[in-house]
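A.B. asks: got a predicted model here, sequence first, then my questions.
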Amino acid sequence: MSYKRELSGLYVITDDKLTPSSTLFTQAKSALKGGAKLLQLRDKKSGDDVVELTARKLQELCKKYEATFVLNDKIDIAIKLQCDALHIGKSDHQNFEYIRENFKGIIGVSCYGDIELAKKFENLGADYVAFGSFFTSPTKPDSNIVPLDILSQAKKELKIPVCAIGGINSENLEEVILHKPDMVSVISDIWNSEDITLKCEYYKNKI
């Protein structure tokens, strides 16, 4: 797999409140139509049966649009379904070697503001790392704010793709892009938009 081809561009993430089950698939389709290259299912509320069913459907939808489907945190489901990708946070950092051994798809890891941690996971076989939050995030208001310079530093010191996440919107996007992340991850600014497809096209063209 060409990671440079797969792991670049607009990366959208679902949200329990902003993408409820009643409209999730319509919203996801709109984002993919607009050029989102990665779509992450981040479901913190549903049971595993529901997450598995949703993941199956979103994986198929992503295939139609030649996008990468990412499942957040649900390691056993990602392994079972052979999802395109799995993203993990700090609660699963200690399980990384087990995950890498058992999951054959793309693995992304949240590294917040820690370059040394990112290097560690690169060496252990991570396929991309994410840094942030860079701005106050409506979906994660308690996140620590990380300086944007970490993106430039990561691009110099890491060989794997780098993702920027956390409070990014159309007003601060230019500031983020100056640091040349491979992927820009957006939640609220996409799903709160009156026209999701148009908003995604805007991001795609800027990134």
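C.D. replies: Sure, I can see it. It should be emphasised that the depicted structure is a prediction, and the values quoted were computed from it without experimental measurement.
A.B. asks: low-confidence ranges in this protein?
C.D. replies: For the chain, the stretches flagged by pLDDT under 70 are 1-5.
A.B. asks: now do the strands in the chain.
C.D. replies: Remark: strands assigned in the chain by DSSP state E are 9-13, 38-41, 68-72, 85-88, 106-112, 128-131, 162-164, 183-186.
A.B. asks: can you pull the phi/psi pair for residue 140?
C.D. replies: With angles defined as degrees, to the nearest 10, residue 140 sits at phi -140, psi 70.
A.B. asks: and for it, the neighbour number?
C.D. replies: By the criterion of other Cβ atoms under 10 Å, residue 140 has 15 neighbours. For the C-beta atoms, the positions are set from N, CA and C on the backbone; glycine is no exception.
A.B. asks: one step back: nearest approach to residue 175 belongs to which of the strands of the chain?
C.D. replies: Between residue 175 and those, the shortest gap by Cβ to Cβ is with strand 162-164, which sits at 10.2 Å.
A.B. asks: out of the strands of the chain, nearest to residue 62?
C.D. replies: The stretch from the strands of the chain with the least distance to residue 62 (Cβ to Cβ) is strand 68-72; that distance is 4.0 Å.
A.B. asks: name the helices or strands packed onto the closest one?
C.D. replies: The contact analysis (3 or more Cβ pairs under 8 Å, 6 or more residues apart in numbering; DSSP states H and E) places strand 68-72 against strand 38-41, helix 48-64, helix 75-81, strand 85-88, strand 106-112.
A.B. asks: can you redo the ones you listed as CSV with mean neighbour count and distance to residue 26?
C.D. replies: Output for the helices and strands packed on strand 68-72, formatted as CSV (neighbours: other Cβ atoms under 10 Å; distance: least, Cβ to Cβ, whole Å):
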stretch, mean neighbour count, distance to residue 26
strand 38-41, 25, 13
helix 48-64, 16, 11
helix 75-81, 17, 22
strand 85-88, 24, 22
strand 106-112, 24, 26
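A.B. asks: of these, which approaches residue 148 most closely?
C.D. replies: Residue 148 lies closest, by Cβ to Cβ, to one member of these: strand 106-112, at 13.6 Å.
A.B. asks: now do the closest one: everything it contacts.
C.D. replies: Contact partners of strand 106-112, identified using Cβ atoms under 8 Å, 6 or more residues apart in numbering, comprise 1, 3, 6-7, 68, 70, 84-90, 93, 96, 99-100, 117-118, 121, 125-132, 144, 146, 163, 165.
A.B. asks: adjacent strands (with direction) for it?
C.D. replies: Strands that pair with strand 106-112, judged by DSSP bridges, come out as strand 85-88 (parallel), strand 128-131 (parallel).
A.B. asks: what residues sit buried inside the last one?
C.D. replies: This points to strand 128-131. Judged by neighbour count using 16 or more other Cβ atoms under 10 Å, the buried positions of strand 128-131 are 128, 129, 130, 131.
A.B. asks: what sits against the nearest residue to residue 6 once chain neighbours are set aside?
C.D. replies: The spatial neighbour of residue 6 that comes closest, neighbours along the chain excluded (Cβ to Cβ, 6 or more residues apart in numbering), is residue 68 at 5.5 Å. With contact set as Cβ under 8 Å, 6+ apart, residue 68 has these partners: 6, 7, 37, 38, 39, 62, 84, 85, 106.
A.B. asks: thanks a lot, catch you later.
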